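J.: what follows is a predicted protein model with its sequence.
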Amino acid sequence: PGLRRRALREARVITLRAPEETLLARILGGAARPLVTGARDPARALHELLEARAEGYAEAHLTLSSATDDVETLAAAAAAWAAGPAPLVVPLGSRSYRVHAAPVAGLHAALARDLPGVTGWVGVTESTVSRRCGWMRAAMPGAHDPWLTLRPGEASKTLRGAERVWRHALAQGIDRRGALLCHGGGVISDLGGFAASALLRGVRYATVPTTLLAMVDASVGGKTAVDHPLGKNLLGAFHHPSLVWMDVEALRTLPRREIRSGLAEAVKIAVVRDPELLALLERDAPRLARGGDLEALRAVLVRAVRAKIDVVAEDEREGGVRAFLNFGHTVGHALEAASGYRLRHGECVAVGMRAALSLGASLGVTPPALPPRVGALLDRLGLPTRVRVDAAAAAQALGRDKKREGGALRFVLAAEVGRATLREVSWETAHDVLGAVIETR
């Protein structure tokens, strides 16, 4: 597995497929395959080999069929594909999927290639996307235009919002081979993925994120959720998409505040996982904060997604290192909920990271030089130091955090750049940490 993942990172991996009967005929016709031809039952031996290797063969940038095409045709197809940007691959065996950072013009072909056999598409989007990115939506398949348009923001990311998706999809006649197409920001990625996980006990979905926050974080990794009145993301499931398509041109439509919010998630993964990404963010901070430099944003986006993919491949279900991606979220989610979701997710995570860095330094876990270094970067990106919310509401939200255990809360602390650790913190300490980042009148 380690070598396969290295190949995916550093090269382009193509899987050639053909039906078992075609392969068997080739082998018995003279191809040298001793594991098959030397077996008592070659057909069964071939079937068992393919079954055993299916997980590895699925982890590829591209799959081509050699059933009918000759070598020259296949080589030409591979060469034509290789002339374009390579997707990133989330290597999860038979559930592997590709993350494309490319113009949306290629989406239609990718949907047909990566989600074969889909019997029907149901689209889920939000009203701001319909207004700002109509050209992007127009490039998607949808002959019957089966789109559900939701209100933007966390108000739609509820069980009621999921019920709207289910009712709409069922009214469109979706079956178990149908799929959802989620086009929007982090709310649509989370909500659409959650709805897909429960619809008919699970249908496939593809996501086309339109905000930097959704591209960097929400659309990759299979963590789906909706909010509950008692807290953010309290109801959810692990359900991976079958395709992620990111067109950075969509970022031109975003206000600077949304770009900066997304950059907070890039800082998060840099601090806990990728020193080179942190250096990149520090080098290009002024260009990134302005929001219009797509070249700089794309470089950060690809690096951050690659780092997240490495984490997901190592720990899909958050039993180990993936928990470190919650850096800044313990306090951040509490502040976000207390603001009534008036504040952006990334703004609250930025404040939460400052709180976690301060806590880590006070406990002797975080090197003293790291909090001012990260704090200076957050300042240059235009992210807040403190926020104004109701302190009592924030404390209540903190007490309902998913990461609490007994009377303690688990905080992700930075041990050094690229390495994090978990520490249990008493409620009293957590309350003090929270209070330090709440601005009072």
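T.: Sure thing, it's come through.
J.: can you pull the pLDDT of the residue nearest to Ala237 when sequence neighbours are not counted?
T.: Sequence neighbours aside, Ser197 is the residue nearest to Ala237 in space, at 4.2 Å (criterion: Cβ to Cβ, 6 or more residues apart in numbering). (Each C-beta comes from the backbone N, C-alpha and C, glycine too.) Ser197 carries a pLDDT score of 98 in this model.
J.: would you quantify the distance from Val216 to Glu265?
T.: Applying Cβ to Cβ, to the nearest Å, the value for Val216 to Glu265 is 5 Å.
J.: between the two, who's got more neighbours?
T.: Val216 (29 against 26; other Cβ atoms under 10 Å).
J.: ok, the more buried one to Gln172 distance?
T.: Distance from Val216 to Gln172, by Cβ to Cβ: 31 Å.
J.: test my guess that Ala100 contacts Ala109.
T.: Small correction: residue 100 is His, not Ala. No. His100 sits out of contact with Ala109 when judged by Cβ atoms under 8 Å, with a separation of 10.7 Å.
J.: pretty sure Leu213 sits against Gly346.
T.: Yes. Applying Cβ under 8 Å, one finds Leu213 in contact with Gly346, separated by 5.7 Å.
J.: overlap in contacts, the two.
T.: The contact sets of Leu213 and Gly346 overlap at Ser261, Gly262, Glu265 (Cβ atoms under 8 Å, 6 or more residues apart in numbering).
J.: which one of these is nearest to Leu325?
T.: Of all these, Glu265 has the smallest distance to Leu325: 9.1 Å, by Cβ to Cβ.
J.: does that closest one lie in a helix or a strand, and which?
T.: Per DSSP states H and E: Glu265 is located in helix 256-273.
J.: what's in contact with the very next helix or strand once past that helix?
T.: Per DSSP H and E, the first helix or strand lying C-terminal to helix 256-273 is helix 275-290. Here helix 275-290 makes contact (Cβ under 8 Å, 6+ apart) with 256, 259-260, 263, 266-267, 269-271, 293, 296-297, 299-300, 303-304, 307, 374, 377, 380-382, 417-418.
J.: of those, buried ones?
T.: 259-260, 263, 266-267, 269-271, 293, 296-297, 299-300, 303-304, 307, 374, 377, 381-382, 417-418 (16 or more other Cβ atoms under 10 Å).
J.: so what's the residue count around Glu72?
T.: Glu72, neighbours per other Cβ under 10 Å, totals 8.
J.: next, give phi and psi for it.
T.: phi -60, psi -40 (degrees, to the nearest 10).
J.: what's the burial count for Gly29?
T.: 7.
J.: what of the one 4 residues further on?
T.: Per other Cβ under 10 Å, the neighbour tally for Arg33 reads 17.
J.: quick one on the thing from earlier: got any residues that touch both of Val216 and Glu265?
T.: Ala304.
J.: which of the shared contacts of Leu213 and Gly346 sits closest to Pro229?
T.: Closest to Pro229 out of the shared contacts of Leu213 and Gly346 is Ser261 (23.5 Å), distances taken as Cβ to Cβ.
J.: confirm for me that the closest one is in contact with Glu347.
T.: Yes. Ser261 lies in contact with Glu347 (Cβ under 8 Å); the separation is 5.8 Å.
J.: who's more crowded, those two?
T.: More crowded of Ser261 and Glu347, by other Cβ under 10 Å: Ser261, with 27 against 22.
J.: so how far is Thr211 from the closest residue to that one other than its chain neighbours?
T.: Excluding the flanking residues, the one nearest Ser261 by Cβ to Cβ, 6+ apart is Gly346, at 3.0 Å. From Gly346 across to Thr211, the span is 10 Å (Cβ to Cβ).
J.: shared neighbours, the two?
T.: Shared contacts of Gly346 and Thr211, counting by Cβ under 8 Å, 6+ apart, come down to Ser261, Gly262.
J.: and the two? Which one has more around it.
T.: Gly346 (32 against 29).
J.: for that one, which residues are in contact?
T.: Applying Cβ under 8 Å, 6+ apart, we find Gly346 in contact with Leu213, Arg260, Ser261, Gly262, Leu263, Ala264, Glu265, Leu383.
J.: repeat for Ala356
T.: Per Cβ under 8 Å, 6+ apart, neighbours of Ala356: Phe327, Gly328, Thr330, Val331, Phe411, Val412, Leu413, Ala414, Val433.
J.: helices or strands next to the strand or helix carrying Ala112 in the packing?
T.: According to DSSP H and E, Ala112 maps onto helix 107-114. On a contact count with 3 or more Cβ pairs under 8 Å, 6 or more residues apart in numbering; DSSP states H and E, helix 107-114 meets strand 97-101, strand 204-209, strand 243-246.
J.: out of those strands, which gets nearest to Gly319?
T.: Of all these, it is strand 97-101 that lies closest to Gly319, at 20.8 Å by Cβ to Cβ.
J.: need the helix or strand of the chain with the lowest average pLDDT.
T.: helix 134-138 (a mean of 58; mean pLDDT, DSSP states H and E).
J.: which residue is nearest the centroid of the protein?
T.: In the chain, the residue lying closest to the centroid (Cα atoms, centre = their mean) is Val220, at 1.6 Å.
J.: touching, Ala264 and Gly352? I think so.
T.: No. When contacts are counted by Cβ under 8 Å, Ala264 is not listed as touching Gly352 (9.1 Å).
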